[in-house]
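J.: just a sequence and a predicted model for now, questions to come.
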Amino acid sequence: MTIGNITNKFHRTKYNDAKYGFYPTPSEIVEKEMQLISFIGVSKDTPIPMCDFSGGIGEQLYTMHNYLSEKEGLTPVSYFNELHSERYQQARINYSGVDNFHMCSSDLFRLKCRHKSGKRYDSSVMSIIRNNSPYGETVQYGQKVRLEEIFFVENDRYLVPNGIHIIEFPTTTLINNINLLRRITYRYKDINIFRLPRHIMKKKHNAQVQQIVLFGVKKKKNSNDKELAQQLHEQLKLGKIKDITEINEPIYFLSDEIVKKAKEVTVYRDGTVNDITLTNGLNNELDSLLKKDKDTDLLNKNIQADKESIGIIEKKIGHRALDLASGKFNDVQGNVLIYGYSGKRIDTKVEMDEDTEITTETEVIVSGIEITNKNGTILRKES
């Protein structure tokens, strides 16, 4: 199984291997987690964007969605993602008809979930993130890391400041990896860890690992807190954490001010670049440009013909960049002019590892298409 550029190598324990690191949380526990958040400061009509990007069959996110709409009388807007095809199809059967419940099947590390305004993109689009990632080990940049850690970092970028991250881990993951706790305390404040009731988890899913749930509020500005990480680590080692069922009052608070910081999601899809996704994206963009002219029928027929000529080997971004740079898509279709291009950019990422600042630079191939309608409106779409 491949996750982005990461090769997945799960622990070979009897139960974890059988479930491929998949331990879905029972709905009664998910509802209990939601009860620890007060929504009294959120208006009835304010959309509350939340997500579960390793969503299994969708039961957990739907439980959150239903809790807010039915029990709190609020307006949840949920974003579900699941890579595993059988689980995703089961989720579609169960929840595709639910209002404001958006669904996607993508590798998390290729998922595009963001707000687009002109040429600018913003990924701070969630006020609540639920994260129960696969459990296991993987190899990244030649070193062994936990899947839970890389899923945490990837999920984190979608959360707004003061948004709430709900993360479930095997207890041993945090006991054996204090560096993960340091990464969490670097980004989050007001952290609480609770034990999930083992008898419920074992009864529901035959879970053979003790699991915990960690709540955190995202900081406006990241800062090291080694002392807190050490305190949490000691509590976990000594077993000095409460069962979540012992907590009977909300300990977190969401308001309109916090929720409205989340930008509206205008792009939610698999980011893999191939003939299908590029054609579908082109189709959507052309339709939006030509809507006023009511001239999409002929164009859509041309695009349908292009869909039928998909090659046997899926084209990757480098192949597509060559196609665009060579002018393969340059043409006049309907009332628009299409121009393809490609290039490179350097993406820089800065992370803190204890007191050391680590800067990673990655060369990224950028391929795009520029569409101009008869009124001179130009739309540029980049992968």
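T.: Perfect, I can see it now. Residues are numbered from 1 along each chain as shown.

J.: run through the helices of the protein in chain order.
T.: Using DSSP state H, the helices of the chain run over residues 14-19, 27-35, 59-66, 85-95, 147-156, 171-175, 178-187, 198-205, 226-238, 256-259, 275-290, 297-307, 317-325.

J.: contacts only, for the residue nearest to the spatial centre of the chain.
T.: Nearest residue to the geometric centre of the chain (Cα atoms, centre = their mean): residue 53, 4.3 Å. For residue 53, the contact set (Cβ atoms under 8 Å, 6 or more residues apart in numbering) comprises 79, 81, 108, 111, 113, 129, 131, 154-155, 158. From N, CA and C alone the C-beta is placed, and that goes for glycine too.

J.: what pLDDT does it get?
T.: The score at residue 53 is 96. That number is its pLDDT.

J.: how many neighbours does residue 158 have?
T.: Residue 158: 22 surrounding residues under other Cβ atoms under 10 Å.

J.: state the pLDDT value of it.
T.: So residue 158 comes in at 96 (pLDDT).

J.: find the nearest non-adjacent residue to it, please.
T.: Nearest non-adjacent residue to residue 158, counting by Cβ to Cβ, 6 or more residues apart in numbering: residue 126, 4.7 Å away.

J.: next: residue 24.
T.: residue 56 (4.6 Å).

J.: the contacts of residue 53 in strands, which ones?
T.: Taking DSSP state E, the ones among the contacts of residue 53 that sit in strands are 79, 81, 111, 113, 129, 131.

J.: which one of those residues is nearest residue 145?
T.: residue 131 (16.0 Å; Cβ to Cβ).

J.: picking that back up, where among the helices of the chain is the average confidence lowest?
T.: helix 14-19 (a mean of 37).

J.: okay, domains of the protein per the record?
T.: Segmentation of the chain into domains, based on automatic domain parsing, reads 2-259, 273-382.

J.: looking at these, which one is packed in the most?
T.: Using mean count of other Cβ atoms under 10 Å, the stretch among the domains of the chain with the largest mean neighbour count is domain 2-259, at a mean of 18.

J.: next one: that domain to chain centre, how far?
T.: 10 Å (Cα atoms, centre = their mean, to the nearest Å).

J.: wait, which of the ones in strands among the contacts of residue 53 is closest to residue 251?
T.: Closest approach to residue 251 among those (Cβ to Cβ): residue 129, at 17.3 Å.

J.: touching, the closest one and residue 166? I think so.
T.: Yes. With contact defined as Cβ atoms under 8 Å, residue 129 counts as touching residue 166 (6.9 Å).

J.: settle this for me: the residue nearest to residue 158 is touching residue 163, isn't it.
T.: Yes. Between residue 126 and residue 163 a contact is recorded at 6.3 Å, counting by Cβ under 8 Å.

J.: shared neighbours of the two, anything?
T.: Shared contacts of residue 126 and residue 163, defined by Cβ under 8 Å, 6+ apart, are found at residue 262.

J.: quick one: residue 89 from residue 53, how far?
T.: 17 Å (Cβ to Cβ, to the nearest Å).

J.: now do residue 224
T.: According to Cβ to Cβ, residue 224 and residue 53 sit 27 Å apart.

J.: what's the answer for residue 380, then?
T.: Applying Cβ to Cβ to residue 380 and residue 53 gives a distance of 27 Å.
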